[in-house]
Structures are given as structure tokens and as C-alpha cells.
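*Asks:* let me see the structure of the following:
(chains A and B)
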Amino acid sequence: MTEPQDKSPLVVVDGATKTFVTGRLEVQALRGLSLEIHEGDFLALVGPSGSGKTTLLNLIGALDRPTSGVVEVLGHDLSKLNKGQRAKLRLDELGFVFQAYNLVPVLTAAENVEFVLELQGVDAKARRKRALEVLAELGLAELADRRPNELSGGQQQRVAVARAIAARPKLVLADEPTANLDSENAEQLMALMRRLHEEHEVTFVFSTHDPRVVAHATRVVTLVDGQVDSDVQKEREAA
Amino acid sequence: MPSTLRIAVRNLGRNRRRTALALAAIALAQIAVLAMDGLMNGWVEASLEGMTGPMMGHAQIHAPGWREEQAPDLVIEDVDALLARVRAVPTVRDAYARIYSPALAARDVEGHAVVVAGVEMTAERADGGLLEGLDASAIPDAHGALIGATLAREAGIEVGDEIALLGQGADGSLANDLVTVTGILRTPLDLLNRRGVILHLETAQEIFAMEGRAHEINVRGTGGVDGADALVAALRRVDGADGLEILTWRELAPELSTMLEFSGVYGLVVLLIVFIAAAAGVANTMLMATFERRRELGMLLALGTTPGRLVRVVLSEAVVLGILGVAVGTICGVALVLYQGHAGIDPTTWGSHDESIDVAVNGLNWGGTIYPYLRAVDVLPGFLGVTLVSVVAALWPAVVTARLEPVEAMRS
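*Replies:* Here you go, the predicted structure:
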């Protein structure tokens, strides 16, 4: 069901396997999975629990290494990068939104957004300005000085999105970003990500179980037993 | 403030009870170090004061061999002239000629072993003299004597009694005379309390056939205990000192000098134990704090924080914790030592003794009040040491976390 793509791939996964060993037990999370992700994709990874969605996102995000096979992200073969180089790749080129434990609890919303910019070496004044701009764009200006425990789950995830895009990454990876949100907040978050995709041409890859979230995607990749079962380009449903 | 430091400082407020316990452990360690330092300083000072007090002085001049043999004929000749030249040395504060002769003293038929000390009574009433603080009216006449309080009690001697002294003269003759007890002496000098019979120098010279001679010139210098070496060097250049034995207090009591030096080693051992206790407290806190936040630290790694920076975040927390704890400990420790220094610590009040538990070593009593004090430099070892220990204790959990793959840390 894969349709031809004419855009250059940001990510190439070729025959990737990932095996986890726990004691004597070996679990094959990915079994020779191949996939290309292109600039401008708004891609939903779907599939049952244990199908390998999170494992694949971790490999693409340079958070882990494949047991075998090739994972190239933005032209970098991850197997050839050391820990520091992978950290730099994540910092400079990728944005992350996790399901939980997303924000540094002792930093305010603005400081959380600034954190990545500080890691990049942006000076204090410029990063503060950028953080407030992004928070304002996402409708969070009035929450800039609040700490995560003073924000709702939905607000925390929106701050996480703000942090993910603040450094203008080429690719944002989100692992079940709506899993801990109610329907209304999940819908708001997806609408936000969709707007950023459309207005700023940010490429998003997110895993989800939620059909309402899938409805926002322009490409849906279904994983089953660590392999791509289907890869469908589709028309986005109206927001 | 960089976020590394900001995160470190704010993390300390996340579990306030645990942070307070760690701070208390570190502060207590520093308090213990400072209290120990203060006590050692006070004890060493009191010890030096006692050692180099009236009996020993900062330096002594003798005829060669007198110290080993205590033979009556090993004397300093023409002592008055030599004493005058010694007193003229600029670095000499006080100098006293003395005679020490073993003798038998008897009020009736029973004899008691005593040490007859012939001293310049008027001069020795000054600070640092053997009769320091003695009232002028208590000075006996030419054939009067002062005797130690313990000796008087044990021998049943009272003021007004006449006692017979029997010893050996410097010329080998039998030395004997009758003296009248005019006063009972209570001094910090155990030797004098237990066995001392104090006579005028001239009287002792006459009894022991030592006219113009003495066994010892006891010298106190202007440079205190630390100036003893320079003092002795100056004394050796005095005319007439050739051939005499001139020694510093360290040479006169090497075992006590060593004991004082050893006290420094003892202090270091205590310091080490205290550091280990502090390290255990901080290590426990940092281990719990780090492992508890493993997912969060994994998230920081995932965002692109380098392992080195992550180690800095954890270490910064330990440094802030260490410095805060040591600062609190320093304030409390200094206050405690200041109070102790003001009030004094009297070891004789320890335990349930009704009587003094003074210890006598080399004829000196060691039972006086100790006044602990601190020098500015005493604060540093604890400050640097405890802070360093805090950092080292935090290093392991920091490195363990930084070595994890982000996904491993986040999954834990």
C-alpha cells in the first residue's frame, strides 16, 4: 500500500531489528523493518501494544541503536555516531514530545522551553525572547512563569510541544503524546501540532492508539509484530 | 543563572526533609571538626603553657651531664655574672638561677625525701616564675622555707615547725641545716607540691656548699615557645656559656613535644572519620535523589544534554548541598567554640570525682581549664574537605546515570 514519494527522505530505516534481552528471555521488538520518512510528513505510527512503535521512534530519535540494520537520520548513519554525536544530533535536529515525564519539574514553562536553546548555546536574552514567542504562539503566554505542577496535563504537553519546536528542528517525534489527555485536550494538542506542520512545515512522526488522533495524520504507518504492515498516504480529515 | 545551577539549586527543595537531613549530616560533620580543632588548639596551648611554664621555661642552661646524673657537683660556676649577661640578651624576658638538691627532711624522727629548690624568691614572684603570684609578705627570712602542700599534709608539717634538712654538698661534704617553715605552697607544679622545700638561693648555696654557683639558669624568651630555637642560639653566644649545655624546651621534654605533634595526627584521624560520615550522608542523599529521578535525567539526555553536562547537574547539586551544609556547620561550630572559649572547659568536672583529677607529667600538673579557640585556617580543611567529599560522593550516581542510554534511563 506504500505510495511513491518524490520528496527526499529525512529518515531511512532499512532492515532494522531490535532485540531486548531480559535474563534468558529475548524479545524481538523489530524484525527487519524498513521505512522512509520524508520532509513534510505528518505521520502516525499505529499498531497494537508490543508492535514496535516506541522502539522505532527511539531508533529514529537516536535514543537507542538497532541490533542490526541501518537507521539513517538526516543523512547520519546512527551506528557510526558515538554517544556525544547522537546527543548533538538530537539537540540540533530533532524535537521530542514524550508521553510522560516531559518537563523538568523545577523549571518554569518558559525555562523548560529555554533549556534546549541554552544547550544549543543561544544567549540568555535571545533564548528568553524565543521561548516567550513560541509560548505566545501556542497560546501559553500567561503560563510562562508557572512550573509543571501548576499546569494541567494538556498545558504541560503544549509546553512540551513548544520546547520541541523552539529550536526549529527538522523533525519532531512524539510518543503517544495524547495518551494521558482527555478528548478535549487531545484534540487541542493535535490541532496545534497540525497547525505547526502546516504553517512551519515541521515534519511530525507520532505514535498513537487513538483513532481521533490518526484522523489528523497525512500518512499512517501500521506496525504489526515489529514490521510494517501497511503504509498509507491519506487526505487529512477536516479539523 | 545557568540552568545547570538553577536545576541543582531547585532540586534541593524537592524533598525538603531529605535535604534537611543531608544538610544536618554535613553541618554536624563540620561542627565536629571545628569543635575538635578548637579543643585541640586549647589543649595544645594549655599544654605548652604548662610545659614551658615556671619549671621548664623556654630554655635551660646547665653544666654538662647534670640533667642525666643530677650530681650536686655538676654546677654552673660564677652564676651571678653569667645570669647578668643572660639577662642582657635582648630576646631574654626573664632568667632565674636555681639549685635543685635531693635531701631528707625531718620534723622529728621520720624523714621524707624532698627536693630542695634554691630560688631568687623576689624575682621568681614575677609572671612565669616558680613563685608566680606569691605575696611579698609570704617571702620567708634567710633561714625560712616554704614547703609543698602535699608534702606538708603527708609529713604532718605545719607553719612554724622547724625541720632538719640533710643532703650532699657540691664538694662532697654532708649538707645539713635547720630551717623554719613559714608558709605552705600550692602551685600548679606537682613536683613542688609533693616534694618541694623552697629556700632562698643564697641559703641553699650556703647549705649545699655552692657559693656563687647554681644547677640551672631557667630562661624565658620574648619569642614564646616558637622562639625557643632562636633564643638558644643567642644564649650560646653569651660570654661564659661555652661548655655549658643549653637546650630548648623541645629538647628538654622530647616525649611531650612528640605527644603534642601526635595530637595533630589524632586530629587528622578524627577529621577523616568525620569526612567519611559526611560522605555517607551525602552519598545516600545523592544516590536516592539521582536514582529517583532517573527517568527525568533520561529525558534530559534525550533532549540532547551531553553526559558531561548531566554529570555537572548532579555534581552542582552536591556542591550546593555541601557548601550550604558546611556554611551552616561553620556558623554553628564557630559559635560553639566561641562559647567554649569564653566559658572554658574544666576536665576536672568530668565524671563524679569530688577531688581534682589532675594528671602530673614530668612534674607538671595537667588539670587546668582548657579554653578552645579557632584560627581562621581551621575552618578551611572542613570547608574544602566536606565539600570535596560531597562531590566525590555524588560522582558515582552522576556517572552511572550519564553512562546510560537515554531510553534505558527513561524506561527505568
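
*Asks:* give me the neighbour count for the residue in the stretch 101-250 of chain B positioned nearest to chain A.
*Replies:* Nearest residue of the stretch 101-250 of chain B to chain A (CB to the nearest CB) works out as B:Asp226 at 52.9 Å. Where you see a C-beta, it was placed from the backbone N, CA and C, and this is true even at glycine. Neighbour count of B:Asp226, defined by other CB atoms under 10 Å in any protein chain shown: 10.

*Asks:* just B:Leu272 next, same as before
*Replies:* A count of nearby residues for B:Leu272, using other CB under 10 Å, gives 11.

*Asks:* gap between it and chain A?
*Replies:* Relative to chain A, B:Leu272 is positioned 35 Å away (CB to the nearest CB, to the nearest Å).

*Asks:* average pLDDT for the helix or strand where that residue lies?
*Replies:* Per DSSP states H and E: B:Leu272 is located in helix B:254-292. Here helix B:254-292 scores 75 as its mean pLDDT.

*Asks:* and that helix, how far from the chain's centre?
*Replies:* What separates the centre of helix B:254-292 from the centre of its chain is 21 Å, taken as CA atoms, centre = their mean, to the nearest Å.

*Asks:* give me the helices and strands touching it, please.
*Replies:* Judged by 3 or more CB pairs under 8 Å, 6 or more residues apart in numbering or on different chains; DSSP states H and E, the packing partners of helix B:254-292 are helix B:16-51, helix B:307-343, helix B:376-402.

*Asks:* I'd guess the residue of the stretch 101-250 of chain B closest to chain A is in a helix, am I close?
*Replies:* Yes. Counting by DSSP: H, G, I helix; E, B strand; the rest coil, B:Asp226 is located in a helix.

*Asks:* check contacts around the nearest residue to B:Thr19 once chain neighbours are set aside.
*Replies:* Leaving aside its chain neighbours, B:Thr19 sits nearest to B:Leu12 (4.9 Å; criterion: CB to CB, 6 or more residues apart in numbering or on different chains). Going by CB atoms under 8 Å, 6 or more residues apart in numbering or on different chains, B:Leu12 touches B:19, B:317, B:320-321, B:324.

*Asks:* any idea how far B:Ala228 is from B:Leu12?
*Replies:* Counting by CB to CB, to the nearest Å, the gap from B:Leu12 to B:Ala228 is 51 Å.

*Asks:* sorry, back to before: of the contacts of B:Leu12 - the most surrounded one?
*Replies:* Going by other CB under 10 Å, B:Leu321 tops the contacts of B:Leu12 with 29 neighbours.

*Asks:* my guess is it contacts B:Ala22, does it?
*Replies:* Yes. Applying CB atoms under 8 Å as the test, B:Leu321 and B:Ala22 come out as touching, 5.9 Å apart.

*Asks:* can you get me a residue count around B:Arg403?
*Replies:* Counted with other CB under 10 Å, B:Arg403 comes out at 13.

*Asks:* for the closest residue in space to it that isn't next to it in sequence, what are its contacts?
*Replies:* The shortest distance from B:Arg403 to any residue other than its chain neighbours is 6.8 Å, reached at B:Pro307 (CB to CB, 6+ apart). With contacts defined as CB under 8 Å, 6+ apart, the neighbours of B:Pro307 are A:83-84, A:87, B:301, B:402-403.

*Asks:* wasn't B:Gly128 part of a helix?
*Replies:* No. Using three-state DSSP, the secondary structure at B:Gly128 is coil, not a helix.

*Asks:* which residue packs closest to it, ignoring adjacent ones?
*Replies:* Residue nearest to B:Gly128 in three dimensions, not counting chain neighbours: B:Arg220, with 5.0 Å by CB to CB, 6+ apart.

*Asks:* was I right about that neighbour contacting B:Met56?
*Replies:* No. B:Arg220 lies out of contact with B:Met56 (CB under 8 Å); the separation is 9.6 Å.

*Asks:* got the contact list for the residue in chain A that chain B sits nearest to?
*Replies:* Nearest residue of chain A to chain B, counting by CB to the nearest CB: A:Leu91, 2.5 Å away. For A:Leu91, the contact set (CB under 8 Å, 6+ apart) comprises A:116, A:119-120, A:167, B:303-305.

*Asks:* give me the element it is part of.
*Replies:* helix A:83-93.

*Asks:* what angle sits between that helix and helix B:307-343?
*Replies:* With axes from the mean of the first three to the mean of the last three CA atoms, to 10 degrees as the basis, helix A:83-93 and helix B:307-343 are set at 100 degrees to each other.

*Asks:* what comes up buried for helix A:83-93?
*Replies:* Buried residues in helix A:83-93, counting neighbours by 16 or more other CB atoms under 10 Å in any protein chain shown, are found at A:83, A:86-93.

*Asks:* now the very next helix or strand once past the helix holding B:Leu272: how far from the chain's centre is it?
*Replies:* Under the assignment DSSP H and E, the closest C-terminal helix or strand after helix B:254-292 is helix B:294-303. Distance, stretch centre to chain centre, for helix B:294-303: 55 Å (CA atoms, centre = their mean).

*Asks:* where is pLDDT lowest across the buried residues of helix A:83-93?
*Replies:* A:Lys83 (86).

*Asks:* can you get me a residue count around residue 114?
*Replies:* Let's take chain A. Per other CB under 10 Å, the neighbour tally for A:Glu114 reads 25.

*Asks:* look at chain B instead
*Replies:* 25.

*Asks:* the most centrally placed residue in chain A in helix, strand or coil?
*Replies:* The centroid of chain A falls nearest to A:Leu173 when counting by CA atoms, centre = their mean (1.0 Å). Under three-state DSSP, A:Leu173 falls in the strand class.

*Asks:* got any ranges where the chain has weak pLDDT?
*Replies:* Since no chain was named, I'll use chain A. A:1-7, A:101, A:236-239 (pLDDT under 70).

*Asks:* nope, chain B
*Replies:* B:278-279, B:282, B:347-368, B:412.

*Asks:* near chain A, which residues of it show up?
*Replies:* B:2-3, B:6-7, B:10-11, B:13-14, B:295-296, B:298-307, B:309, B:405-407, B:410 (CB under 8 Å from any CB of the partner chain).

*Asks:* circling back: looking at B:Arg220 and B:Met56, which is more packed in?
*Replies:* B:Arg220 (26 against 21).

*Asks:* that's a helix at the more buried one, yeah?
*Replies:* No. Using three-state DSSP, the secondary structure at B:Arg220 is strand, not a helix.

*Asks:* OK, contacts around it?
*Replies:* Here B:Arg220 is in contact with B:52, B:57-58, B:92-95, B:128 (CB under 8 Å, 6+ apart).

*Asks:* can you name the residues bridging to it?
*Replies:* Counting by DSSP bridges, B:Arg220 is bridged to B:Asp94.

*Asks:* check contacts around A:Leu59.
*Replies:* Counted by CB under 8 Å, 6+ apart, A:Leu59 has contacts A:13, A:16, A:18, A:30, A:65-66, A:71, A:78.

*Asks:* buried residues, the lengthiest helix in chain A. List them.
*Replies:* Counting by DSSP state H, the longest helix found in chain A is helix A:183-200. Burial within helix A:183-200, assessed by neighbour count using 16+ other CB under 10 Å, is assigned to A:185-190, A:192-194, A:196-197.

*Asks:* so what touches it?
*Replies:* With contact meaning CB under 8 Å, 6+ apart, helix A:183-200 is reached by A:40, A:42, A:138, A:152-154, A:157-158, A:161, A:165, A:168, A:172, A:174, A:177-178, A:181, A:202-204, A:206, A:210, A:212-213, A:216, A:236, A:239.

*Asks:* the helix or strand just after that helix pairs with which strands, and in what direction?
*Replies:* Per DSSP H and E, the first helix or strand lying C-terminal to helix A:183-200 is strand A:203-207. Strands that pair with strand A:203-207, judged by DSSP bridges, come out as strand A:42-46 (parallel), strand A:171-175 (parallel).

*Asks:* about what we covered before: if we go by neighbour counts, what in the helix holding B:Leu272 is buried?
*Replies:* Neighbour count says helix B:254-292 has B:256-257, B:260, B:267, B:270-271, B:274-275, B:277-279, B:281-283, B:285-286, B:289-290 buried, by 16+ other CB under 10 Å.

*Asks:* perfect, I'm done here.
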